[in-house]
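J.: no FASTA, just this:
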């Protein structure tokens, strides 16, 4: 086995553990809240993680490109593991939320570093298969988390779910250390360059960007909790801060986000597509479960079982993404967006008239679309970025996906948080998702037609 495969295995296991933890909490949180109290902080156990992991991605992406992807990955693992320990030892909800925030910071360092390492160690022809494997691991983790959460919460204690992951985190670190160094360069020269760049890095722009993202995520969280006025005010404030930060960073020699990356059509269009994909991904998995339970009258266990075909189809599509010839990839991308559009139209218009089997059949094309597209865009972010910006490029894709998921779940949740019946609200959600999928289909077609000077048509596709 080549040593670079050790890093790949370490990255895949680390991603799987992070995904398992997310779905583990979705099942075990009722037991946690009953023991620790503090129901008012229930949503913040999830929101704090999303906030800290999203806000920290741009900074850690830049740091990974400066100091080395492997070092930042290991530092992220340490922070994530400390968060696991403190979560397992939490005595109240405040401590749990703080521990989840620490885990989110660790995840913010791990994500761009992992993508950057893959971009350095593997060739372009390997990317579809590698990112397809990542999609498969994500799906398997999403299926494992709820089962593990229910078993441990019922039979032992929810605390064991946090503590049992620590040996696996240690194994990830060992695998990463045993792999080859992703960057081979003159260390003294590299160190001098790093500290020069670090001194010139736009720290004011970093604070502005982080503050804007914090206000954005907090505003969406408040909107989802029906605190509309406060949420809208924070949302508007976030837009003002982010616009100002863009103008500020354009004048800096070492901006946090190199704007040259955004001028590459494949990366820019990929970020827009992944943002839309994030809305569809998180919202479909969240509200299909609610649909199965509240509209079709299924139990929580049966609702989880009905989601399995969608998750399995996502894994199959991730694997297929690496097998298709390059000319067929764009056609498949268009076809899957179109099928996702039809599926949401069908679920939305049918309302409660579907039975369980029909609803599952409608959900399978959605899973195929979700599984196929993320590896595609992650691979392109690494292909079109140079070695000094691979972590930043991959981090921007993940940042777009996180923001899309946060905005989608929060804003679409207004449909079911108001006076409307749940069934009517879910109809509005699925028709909204159909509109988003339709727009994504049209955007993908138009982006494929773009041909800029010095850029191949195939490279400009989303």
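T.: Sure thing, it's come through. Computed from a predicted model, the values in this text were never measured in an experiment. Residues are numbered from 1 along each chain as shown.
J.: Which residue ranges of the stretch 351-462 of the chain form strands?
T.: Here the stretch 351-462 of the chain has no strands by DSSP state E, counting those that start in this stretch.
J.: As a check, name the ranges of all helices in it.
T.: 356-383, 390-412, 414-417, 422-448 (DSSP state H, counting those that start in this stretch).
J.: Turn those into TSV, including mean neighbour count, distance to residue 217 and mean pLDDT.
T.: Where C-beta positions appear, they are placed from N, C-alpha and C, glycine not excepted. Output for those, formatted as TSV (neighbours: other C-beta atoms under 10 Å; distance: least, C-beta to C-beta, whole Å; pLDDT from 0 to 100):
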stretch	mean neighbour count	distance to residue 217	mean pLDDT
helix 356-383	24	21	80
helix 390-412	25	6	77
helix 414-417	17	16	76
helix 422-448	19	20	87
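J.: Same list as before, these that is, but in TSV and with distance to residue 241 included.
T.: Output for the helices of the stretch 351-462 of the chain, formatted as TSV (distance: least, C-beta to C-beta, whole Å):
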stretch	distance to residue 241
helix 356-383	25
helix 390-412	15
helix 414-417	24
helix 422-448	26
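J.: Minimum distance to residue 178: which of the ones you listed has it?
T.: Counting by C-beta to C-beta, residue 178 lies closest to helix 390-412 out of the helices of the stretch 351-462 of the chain; the figure is 20.9 Å.
J.: returning to what we had before: nearest to residue 204, out of the helices of the stretch 351-462 of the chain?
T.: Distance to residue 204, taken as C-beta to C-beta, is lowest for helix 390-412 among these, at 18.3 Å.
J.: For the closest one, which helices and strands make contact with it?
T.: Where contact means 3 or more C-beta pairs under 8 Å, 6 or more residues apart in numbering; DSSP states H and E, helix 390-412 is packed against helix 42-67, helix 69-88, helix 93-121, helix 203-224, helix 259-262, helix 265-290, helix 356-383, helix 422-448.
J.: name the element residue 91 belongs to?
T.: If you go by DSSP states H and E, residue 91 is not part of any helix or strand.
J.: same thing with residue 172?
T.: helix 166-178.
J.: ok, and what's touching that helix?
T.: Applying C-beta atoms under 8 Å, 6 or more residues apart in numbering, the external contacts of helix 166-178 come out as 3, 6-7, 9-11, 13-14, 17, 70, 73-74, 77, 80-81, 84-85.
J.: And these, which of them are buried?
T.: Buried residues within the contacts of helix 166-178, counting neighbours by 16 or more other C-beta atoms under 10 Å: 6-7, 9-11, 13-14, 17, 70, 73-74, 77, 80-81, 84.
J.: between those residues, which is nearest residue 367?
T.: residue 17 (22.2 Å).
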